[in-house]
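based on what follows, work out the 3D shape:
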Amino acid sequence: MKKIRNLVLIVLCILTVALFAGCSSTPAAAEKTKFIVGLDDSFPPMGFRDDSNNIVGFDVDLATEVANRLDMEVELKPIDWDAKVLELNSGSVDVLWNGVSITEERKQEMDFSRPYLANQQVIIVKADSDIVDIASLAGKIVGLQKGSSALDALNKNEIASQVASVQEYADNVTALTDLSIGRLDAVVLDEVVARYYETKEAGTYKVLDESFAAEEYGIGFKKGNTDLEEKVQKAFDEMIADGTAAKISEKWFGKDIIVKP
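As a prediction, the model looks like this:
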């Protein structure tokens, strides 16, 4: 009788363990894998906060669509842009997708997708400024975003040794605010951002015709994370092929400016 009672207890224990194991695994199986996108949430129109404090933008829409196609849940994570490589290497974010210019220096620190947008570093000034070209920056106070490719573009030009000073900011929005109130004479930044502000605040700013070297935007991945890179690239290529990427571009820029494979 004792042996039968012990056998019953063993069977009950096994069933209890199996029941709890089954319950605990059910929610996990239903959860989507997260796709964590590192971005600067003060970088319109690529990624920024709208009037309701929601993060929106061109790159945000692209990343969200890619996540949907990969059956992943997108998480938009604002980061200190100057620490972007550290965030990527630590695994805090899966990708950097926010107008990341592909440069030789950055290729040493991260892997990139194929270029998807053409860009260049331009100069934006107040509408009534007497600055008309790069040479006009001599003796002027120039602002730019810390950790951006704008600093590289400026330093590679001989004008860098002729400006009065270079002020670095956490984001372009703050730099443009200082420009508007006269603390800066000019700001060097991405053309897509400069054109956005030139249009948004008509009569306040003007973008100079002369620019620094041309660049291209890419999605940044941790070095060696080829599995994720290939999946994202495949989904993005499909978006280009079926016209989804073009529609997103037209929404933000009024035309299709996506670089085709």
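
which residue, other than its chain neighbours, is closest to Lys251?
Asp61 (7.1 Å; Cβ to Cβ, 6 or more residues apart in numbering). Using the backbone N, CA and C atoms, a C-beta is placed for each residue, glycine as well.

neighbours around the one you found, how many?
By other Cβ atoms under 10 Å, 18 other residues sit near Asp61.

check the one 4 residues further on too.
Residues lying near Glu65 (other Cβ under 10 Å) number 19.

could you do Glu215 as well?
Neighbour number of Glu215 under other Cβ under 10 Å is 22.

now do it against Pro44, distance only.
According to Cβ to Cβ, to the nearest Å, Glu215 stands 18 Å off from Pro44.

strands of the stretch 101-250 of the chain, residue ranges please.
Remark: strands assigned in the stretch 101-250 of the chain by DSSP state E, counting those that start in this stretch are 111-112, 117-126, 141-145, 165-169, 186-190, 205-207, 214-221.

got the phi/psi numbers for the nearest residue to Thr33 once chain neighbours are set aside?
Distance criterion Cβ to Cβ, 6+ apart; nearest residue to Thr33, sequence neighbours excluded, is Met72 at 5.0 Å. With angles defined as degrees, to the nearest 10, Met72 sits at phi -120, psi 160.

pretty sure Met72 sits against Ile36.
No: taking contacts as Cβ atoms under 8 Å, Met72 lies outside contact range of Ile36: 9.6 Å.

where do the helices sit along the stretch 101-250 of the chain?
Under the criterion DSSP state H, counting those that start in this stretch, the stretch 101-250 of the chain contains helices at 104-107, 149-155, 172-180, 191-200, 226-241, 244-253.

and of those helices, who's closest to Asn53?
Closest approach to Asn53 among the helices of the stretch 101-250 of the chain (Cβ to Cβ): helix 172-180, 14.3 Å.

relative orientation of the closest one and helix 191-200 in degrees?
Calculated by axes from the mean of the first three to the mean of the last three Cα atoms, to 10 degrees, helix 172-180 forms an angle of 50 degrees with helix 191-200.

any buried residues in helix 172-180, and which?
172-173, 175-176, 179 (16 or more other Cβ atoms under 10 Å).

go on, stretch 135-152?
136-137, 140-145, 147-152.

so what's the gap between it and the chain middle?
Distance, stretch centre to chain centre, for stretch 135-152: 21 Å (Cα atoms, centre = their mean, to the nearest Å).

what's next to that stretch, contact-wise?
Residues outside stretch 135-152 that contact it (Cβ atoms under 8 Å, 6 or more residues apart in numbering) are 40, 81-84, 101, 103, 105-106, 121, 123, 130-131, 154, 159, 162-172, 175, 178-179, 183-190, 215.

let me know the pLDDT of the closest residue to Asn119 other than its chain neighbours.
Distances taken as Cβ to Cβ, 6+ apart place Glu215 nearest to Asn119, at 4.7 Å, with adjacent residues excluded. On pLDDT, Glu215 comes in at 90.

quick one, what contacts Glu215?
By Cβ under 8 Å, 6+ apart, the contact list for Glu215 reads 101-103, 118-121, 149, 153.

alpha carbons of stretch 176-190, as CSV, please.
Output of stretch 176-190 as CSV, limited to C-alpha atoms (Å, rounded to 0.1, in the frame of the first residue of the first chain):
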residue,chain,number,x,y,z
LEU,A,176,19.6,75.7,-34.9
THR,A,177,18.0,77.5,-31.9
ASP,A,178,21.3,79.1,-31.1
LEU,A,179,21.6,80.1,-34.8
SER,A,180,18.2,81.7,-34.8
ILE,A,181,19.0,83.8,-31.7
GLY,A,182,22.4,84.9,-33.0
ARG,A,183,24.8,82.8,-30.9
LEU,A,184,26.0,81.0,-34.0
ASP,A,185,26.8,82.3,-37.5
ALA,A,186,26.2,79.0,-39.2
VAL,A,187,25.4,75.3,-38.6
VAL,A,188,26.9,72.4,-40.6
LEU,A,189,24.5,69.5,-40.8
ASP,A,190,22.9,66.9,-43.1
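
that concludes my questions; thank you for your assistance.
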